[in-house]
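[1] sequence and computational prediction follow.
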Amino acid sequence: MTFAACIIMLAGCAAGKQARPADYAGSRVRFKALIHYTEYAEEAHVQFAHQTIDFYRKLTVGNGFQLDVTRNLADYTPEELMEYNVIISPNTTPHSKAERELFEKYMDNGGGWVGFHAAAYNDRNTNWPWFLQFIGGGVFKCNNWPPQPALIEVDKAKHPVTKNLPEEFVIPASEYYQWTPEPRANKDIEVLMSLSPKNYPIGLKDIVYGDDWPMVWTNRNYRMIYLNMGHGDEEYIDAEQQLLFINALRWIVSRDPRVEM
Ligand code: ZN
């Protein structure tokens, strides 16, 4: 046996030794995620939060990442919160003064955020200017009702969040929020996906007849992404939408310099 062949054999052996099923691959945790949600919301938003916890928990198989769940960010010190590479918000924004200060500090210092649907809801009673600029300046304007499927289309086809998705596809039944002023007009906002104008008029009780309707966007000043869907118990029945949700998590985490993805 030549020296080179021997080296190749040894390398093969080493590779073979590591080639075990993924769920026995050891316990190296690549990143830490924290789901922050509330039980005190409308039933459809609580359903979505519970299903979101189940969905992301399943993705931890093999200990690729650690997932913790909290209903109160103020249970954490700023240092403990910074250990998380991403906070996932399926149905609420931080409400108490303590929670808001923690969240601001976390995001201003490079924290990551994946927010869905009600997590961006704000109106004249919200009184949180920092959050309004964080989300892109849009205040809740209107919604479709009842929840229904809709055609959405990709704005940025080469973006890591959309590159393996169809140019347009139908997403499961949900409620979608429209915003004013329009987030796309904000130079800090990059819209990745939008509700297709082909849907108009959308809704049977609350009908929306037009206007720009961004569905997925990021604020370039933060490591954040917002997804407009997240209402009810049908959000996880569609593979393409699941892929979108995974892409969103992966992109936010991959931009944390502490993580190799
Ligand atoms: Zn809703």
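    Cool, got the structure.

[2] number of residues surrounding the residue of the stretch 51-200 of the chain found nearest the ion?
    Nearest residue of the stretch 51-200 of the chain to the ion: Glu175, at 3.9 Å (CB to the ion). For the C-beta atoms, the positions are set from N, CA and C on the backbone; glycine is no exception. Using other CB atoms under 10 Å, Glu175 is surrounded by 22 other residues.

[3] quick check: which element contains Phe131?
    helix 129-135 (DSSP states H and E).

[4] rounded mean pLDDT for that helix, please.
    Across helix 129-135, the average pLDDT comes to 98.

[5] report the buried residues of that helix.
    131, 134-135 (16 or more other CB atoms under 10 Å).

[6] same check on stretch 179-190?
    179, 182-184, 186, 189-190.

[7] identify all contacting residues around stretch 246-261.
    Identification of contacts with stretch 246-261 by CB atoms under 8 Å, 6 or more residues apart in numbering yields 30-31, 33, 56, 59, 65, 85-86, 88, 110, 112-114, 160-162, 164-165, 216, 223-225, 227.

[8] partners of the most centrally placed residue in the chain in the sheet?
    Residue closest to the mean C-alpha point of the chain, counted by CA atoms, centre = their mean, is Val114 at 3.2 Å. Beta-bridge partners for Val114, by DSSP bridges, are Ile88, Ile225.

[9] my guess is it meets Leu227, correct?
    Yes: Val114 lies in contact with Leu227 (CB atoms under 8 Å); the separation is 7.5 Å.

[10] and the nearest residue to Ile207 once chain neighbours are set aside, how many neighbours?
    In space, and not counting its chain neighbours, Ile207 is closest to Pro201: 5.1 Å by CB to CB, 6 or more residues apart in numbering. Look at Pro201: counted by other CB under 10 Å, it has 10 neighbours.

[11] give the contact list for Ala157.
    By CB under 8 Å, 6+ apart, the contact list for Ala157 reads 163, 167.

[12] one more time with 10 Å, if that's ok
    163, 165-167, 192 (CB atoms under 10 Å, 6 or more residues apart in numbering).

[13] low-confidence ranges in this structure?
    1-27 (pLDDT under 70).

[14] now the helices for it?
    With helices called from DSSP state H, the chain shows them at 3-18, 43-58, 78-82, 97-108, 129-135, 239-254.

[15] CSV for these, including distance to Asp233?
    As requested, the helices of the chain are arranged in CSV below (distance: least, CB to CB, whole Å):
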stretch, distance to Asp233
helix 3-18, 40
helix 43-58, 5
helix 78-82, 30
helix 97-108, 27
helix 129-135, 25
helix 239-254, 13
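
[16] out of the ones you listed, which is closest to Ala118?
    helix 43-58 (5.0 Å; CB to CB).

[17] could you list every helix and strand that that closest one packs against?
    strand 31-36, strand 65-70, strand 86-89, strand 112-116, helix 239-254 (3 or more CB pairs under 10 Å, 6 or more residues apart in numbering; DSSP states H and E).

[18] where does this protein come near the ion, residue by residue?
    Taking CB under 5 Å from the ion, the part of the chain that reaches the ion is made up of 175, 231.

[19] quick check: phi and psi at the residue nearest to Phe31 when sequence neighbours are not counted.
    Nearest non-adjacent residue to Phe31, counting by CB to CB, 6+ apart: Asn85, 4.1 Å away. Main-chain torsions, Asn85, degrees, to the nearest 10: phi -80, psi -20.

[20] my read: Asn85 touches Arg30, true?
    Yes: using CB atoms under 10 Å, Asn85 makes contact with Arg30 at a distance of 8.7 Å.

[21] settle it for me: which of those two has more neighbours?
    Asn85 (25 against 13).

[22] quick check: that one vs Val114, distance?
    11 Å (CB to CB, to the nearest Å).

[23] what touches both of those two?
    With CB under 10 Å, 6+ apart, Asn85 and Val114 have common neighbours 33, 223, 249, 252-253.

[24] determine which two of those are furthest apart.
    Ala33 and Arg223 (13.0 Å).

[25] who touches both of those two?
    85-86, 112, 114, 252-253.

[26] for the residue nearest to the centre of the chain, what are its contacts?
    Going by CB under 10 Å, 6+ apart, Val114 touches 33, 35, 52, 56, 86-90, 223-227, 245, 248-249, 251-253.
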